[in-house]
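Enquirer: Fold the following, please.
(2 chains, ligands or ions: 2)
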Amino acid sequence: MAAPVQSPVDTQSASTQTMTIGKALNNGLRAAMEADPKVLVMGEDVGKLGGVFRVTDGLQKDFGEHRVLDTPLAESGIVGTAIGLAVRGYRPVCEIQFEGFIFPAFDQISSQLAKLRYRTQGKLKAPVVIRVPFGGGIGAVEHHSESPESLFSHIPGLKVVSCSNPVDAYWMMQQAITSDDPVMLFEPKKLYHSSALKAPVDTTATPDPLHSSRVVRHGDSATIAAYGPSLPVALDAATAAQEEGRSLEVIDLRTLSPLDLGPVFESVRRTGRLVVVSEASSEVSLASEVAARVQQECFYSLEAPVQRVTGFDTPYPPAKLEEHFLPDLDRVLHAVDNALDW
Amino acid sequence: MPSPEQWTRPDPGAGPAATAAQPSPEQVIAGLRATTEGGAELTQLLTPEGERLADSRFDPYLADIDAEALRGLYRDMVLVRRADRESNAMQRQGQLGIWVPLLGQEAAQVGSGRALRPADMAFPSYREHGVAYTRGIDFRDLLGIFRCTDHSGWDPAEYGFHPYTIVIGNQVLNAAGYAMGQKFDGKVGNADDVDNEATIVYFGDGATSQGDVHEGFVWGAVYDAPVVYFCQNNQWAISEPTERQSRLPLYQRARGYGFPGIRVDGNDVLACLAVTRWALDECRHGNGPVLIEAFTYRMDAHTTTDDPTRYRLSDELEAWKLKDPIERVRVHLARAGCAEQDFFDGVDAEADEFAAQLRDFCFNMPDPPPERIFSEVYADTPAALDAQREEYLSYLAGFAGGEH
Ligand SMILES: Cc1ncc(C[n+]2csc(CCOP(=O)(O)OP(=O)(O)O)c2C)c(N)n1
Ligand SMILES: [Mg+2]
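Expert: Ligands and ions are numbered 1, 2, ... in the order given. As a prediction, the model looks like this:
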């Protein structure tokens, strides 16, 4: 009897499922918890409720209250005790409910988490992951729409990454957890449940390294570098520019500290023009850092100054005004025009 | 079977603590569910059945509360509840981005708010719409925050009511500092009480875990600041019951900081009024701070984005409905012959009108202009920010002119 012929679709479905970013993060956490009993999840409302965004949905039910901890309401406490647990051999994954509430933990992050290895010259490590839903565009009240990633990228000893699609969400979560360095994962909250971004995630694939950027669209008129919630805006801009006969290269930075700017340099040497897109205010920011490094490495290739399309240098405004504050298609295209018409 | 109160307040040596490694089945339940029992030390002046209990310690603080004043408190609570329900409904209709309901906490807020004098200062969290109302703030001025047209809609100095604070616990330190200032300014302990002032700060059961709240207690204590820490223990911090925050009833924490703590029935407007008046009085005379734990219940979701069916049982809500803060006043007024049906009907009609006005206002609220993004970031605006503003406004004007 002949062996049954497996269709390619069948082989794929065993390890590949289509999902949102939120679900991919959940699956990534689940995979990490299954692989290593020392992985813990801790935070406010992460247990029974499954987190306010449901990213930890079902984990307490499946792994128990000793591995998914509904903690007291104190962010300094969450990160501070996670450091102690990590020193004891655990791999805690902390959820900060919204980026605007991370600041009580700033001291623990900056004074202890980032410096433990350095202070002890490697005798201690703190493999803690801090998950931070960030960014705007959800029509929320104050402190629920901010982009503080530059503040943390500024701290030596910490690693900072951000995902913009389900495949990265799934793998970055696991790579962050297995990293021996503390990693902050900035999750684009407005994209968590976006069905437009649903994508097949192959759990048997070999992921890109955690600290690598990636060209997601090829082009040679100008380069756009973006990350997290700004990535779809950059891609939309590239599609719109295509209609006007301009081909834009889009790079997902993915890793914010350390930055992986090799692909950006390579691209700018071809296009001569760079637009950096981020929701964070631009003064003393990641966008500024990218601009500084590109002018240093690509000085003779640049045809125009590096353009930054970012939030303004103000506090996040009332959400009825956020469409102005957040980089959108028009502002990105306007910056592309500026670069091309320079 | 021991009462739930005992599970969170173990006698030393008498069995395991609520968070012990091997909890009893009852303790497991206590960990999953909030308690409805206020315990023996609960100060209550009006029972859920509407019976007025005599209290030699606190009755003197209600000497002026005659039938008319009690009808006034009833009216306050009905209006506040009605405005809260209307706002909740408007969120459902897309008119507000979010609403933070206060349902069930009317007595705690109206009682404590009515205890304040105009010169006193109140620092709210984000649920204190009832306190805002007692400070004279137009309910309509609260809506901007939730419609996301503004971050704060009133002049704090004019009303003695600080902006809402969303970051849990921050305001407790700010209030302690404000109260230190009242003390430094000679507004505490004057022989003529009219010159004295005090501060009250509101926060939840969950907030008591924050470092800022602990530090706020320490500061108030060390500087003998005239500050009343008013904790509304509504049994839940989103999905986490109070047992996630403390082994000890919250009011008992005060002792560790060196000031008195008292637990009041937060659904009893008379008890909240009397106890808060007492606490403010202590503060004004130099005996502050004081911690009040108002034992109450969040009868609705945490906010309009929350789904409480995921974490709590409906029979808990049913048990608390029997302790409703408004119903007990209504029953008392009717039974004591202090109000006729006309009065209740009149208040209901007034509440309908109040809600209709709120609704009309909300539906017609304009969006703020884009300039608002750049306004009042600094006292002295940096030139670069001015330039950023001009650049953006002319970019916008380009759309109107068809440039883009
Ligand atoms: C520092 C900080 N962390 C987390 C949050 C998110 N959050 C908003 S309300 C809330 C629960 C607060 O519970 P509680 O103090 O009991 O007050 P309640 O909402 O019950 O009135 C949480 C965790 C926040 N606003 N600030
Ligand atoms: Mg609460």
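
Enquirer: and residue 168, what does it touch?
Expert: I'll assume chain A. Contact analysis of residue A:168 by Cβ atoms under 8 Å, 6 or more residues apart in numbering or on different chains lists A:208, A:252, A:254. All C-beta atoms are positioned from the backbone trio N, CA, C, and that covers glycine.

Enquirer: oops, I was thinking of chain B
Expert: Contacts of residue B:168 (Cβ under 8 Å, 6+ apart): A:73, A:101, B:125, B:203, B:204, B:206, B:207, B:210.

Enquirer: Go again with 6 Å.
Expert: A:73, B:207, B:210 (Cβ atoms under 6 Å, 6 or more residues apart in numbering or on different chains).

Enquirer: and it, that one's in a strand?
Expert: No - in this structure, residue B:168 is coil, not part of a strand, as judged by DSSP: H, G, I helix; E, B strand; the rest coil.

Enquirer: show me where pLDDT drops low in chain A?
Expert: A:1-12 (pLDDT under 70).

Enquirer: Nearest to ligand 2: which residue in it?
Expert: residue A:73 (9.0 Å; Cβ to the ion).

Enquirer: how far away is that residue from residue B:323?
Expert: Look at residue A:73 and residue B:323: by Cβ to Cβ, to the nearest Å, they are 25 Å apart.

Enquirer: okay, those two: which has more neighbours?
Expert: Remark: of residue A:73 and residue B:323, residue A:73 carries more neighbours, 27 against 23, as counted by other Cβ atoms under 10 Å in any protein chain shown.

Enquirer: Look at the more buried one and give its secondary structure.
Expert: coil.

Enquirer: right, and it touches residue B:211 too?
Expert: No - contact criterion Cβ atoms under 6 Å: residue A:73 and residue B:211 do not qualify, at 10.7 Å.

Enquirer: Secondary structure of residue A:308: a strand, I assume?
Expert: Yes - assigned with three-state DSSP, residue A:308 falls within a strand.

Enquirer: What residues does it make contact with?
Expert: A:276, A:282, A:287.

Enquirer: picking that back up, wait, which of the contacts of residue B:168 is closest to ligand 1?
Expert: residue B:207 (3.7 Å; Cβ to the nearest ligand atom).

Enquirer: As CSV, the contacts of residue B:168 with distance to residue A:83 would be great.
Expert: Converted to CSV, the contacts of residue B:168 look like this (distance: Cβ to Cβ, whole Å):
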residue, distance to residue A:83
A:73, 19
B:207, 23
B:210, 18
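
Enquirer: Surely residue A:327 is within a helix?
Expert: No - applying three-state DSSP, one finds residue A:327 to be coil, outside a helix.

Enquirer: Excluding covalently adjacent residues, which one is nearest to it?
Expert: In this structure, residue A:327 finds its nearest non-sequential neighbour in residue A:309, 4.4 Å apart by Cβ to Cβ, 6 or more residues apart in numbering or on different chains.

Enquirer: all strands of chain A, in order?
Expert: For chain A, the strands defined by DSSP state E occupy A:16-19, A:39-43, A:68-70, A:91-95, A:129-134, A:159-162, A:183-188, A:199-202, A:214-217, A:222-226, A:248-252, A:255-257, A:274-281, A:307-311.

Enquirer: Residue numbers of the stretch 101-250 of chain A in contact with chain B?
Expert: Residues of the stretch 101-250 of chain A lying close to chain B (Cβ under 6 Å from any Cβ of the partner chain) are A:139, A:142, A:143.

Enquirer: Apply 8 Å and report the result again.
Expert: Residues of the stretch 101-250 of chain A found near chain B (Cβ under 8 Å from any Cβ of the partner chain) are A:101, A:103, A:104, A:139, A:140, A:141, A:142, A:143.

Enquirer: that older thread, what subset of the contacts of residue B:168 is also close to ligand 1?
Expert: A:73, B:207 (Cβ under 6 Å from any ligand atom).

Enquirer: and which of the contacts of residue B:168 is nearest to residue A:189?
Expert: residue A:73 (19.7 Å; Cβ to Cβ).

Enquirer: how many neighbours does the closest residue to that closest one other than its chain neighbours have?
Expert: Nearest residue to residue A:73, sequence neighbours excluded (Cβ to Cβ, 6+ apart): residue B:206, at 4.0 Å. Residues lying near residue B:206 (other Cβ under 10 Å) number 27.

Enquirer: Residue B:206 and ligand 1, how far apart?
Expert: 3 Å (Cβ to the nearest ligand atom, to the nearest Å).

Enquirer: swap in residue B:372?
Expert: Distance of residue B:372 to ligand 1, given as Cβ to the nearest ligand atom: 24 Å.

Enquirer: what about the closest residue to that residue other than its chain neighbours, how many neighbours?
Expert: Counting by Cβ to Cβ, 6+ apart, the nearest residue to residue B:372 once its immediate chain neighbours are dropped is residue A:321, at 6.2 Å. Neighbourhood size, residue A:321 [other Cβ under 10 Å]: 20.

Enquirer: among the strands of chain A, which is the most enclosed?
Expert: Among the strands of chain A, ranked by average contacts under mean count of other Cβ atoms under 10 Å in any protein chain shown, first place goes to strand A:222-226 (a mean of 30).

Enquirer: what angle separates that one from strand A:248-252?
Expert: 20 degrees (axes from the mean of the first three to the mean of the last three Cα atoms, to 10 degrees).

Enquirer: Fine, thanks again, bye for now.
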